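# Give me coordinates for this.
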Amino acid sequence: MVMWELLSNEVPFGALQSPVRIMGIVVEGGRPPVPDSAPRPFAELVRDCWQLEPERRPLFPAIVQRLERMLENS
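Prediction:
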């Protein structure tokens, strides 16, 4: 979610006031839209980290490696 905030410069679910309602949306798989302006590797990483099943999410060392590759390719 932090990466999404950096890419969008917005507060996730900013229009919603209720943390309980936001949690309900997230538990059901709802996510804020990834900005169209986001570079593809960043957008893919955000979506990978948002997988509903924890075992499908990348581990932190893999996230760091992907970010390092993005930095090298920039």
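# what residues are up against the residue lying closest to Phe13 once chain neighbours are set aside?
Leaving aside its sequence neighbours, Phe13 sits nearest to Ile22 (Cβ to Cβ, 6 or more residues apart in numbering; 4.7 Å). All C-beta spots, glycine's among them, are computed from the backbone N, C-alpha and C. By Cβ atoms under 8 Å, 6 or more residues apart in numbering, the contact list for Ile22 reads Pro12, Phe13, Leu16.
# can you count the residues close to Val46?
When neighbours are counted by other Cβ atoms under 10 Å, Val46 registers 21.
# Quick check, it in contact with Val2.
No. Applying Cβ atoms under 8 Å as the test, Val46 and Val2 come out as separate, 9.7 Å apart.
# How many residues are close by the residue nearest to Asn73 when sequence neighbours are not counted?
Of all residues not flanking Asn73 in the chain, Pro41 sits nearest, at 7.8 Å (Cβ to Cβ, 6+ apart). Pro41 has 14 neighbouring residues, counting by other Cβ under 10 Å.
# Show me what the helix or strand where Pro41 lies is packed against.
Secondary structure assigned from DSSP states H and E places Pro41 in helix 40-49. Applying 3 or more Cβ pairs under 8 Å, 6 or more residues apart in numbering; DSSP states H and E, one finds that helix 40-49 makes contact with helix 2-8, helix 60-72.
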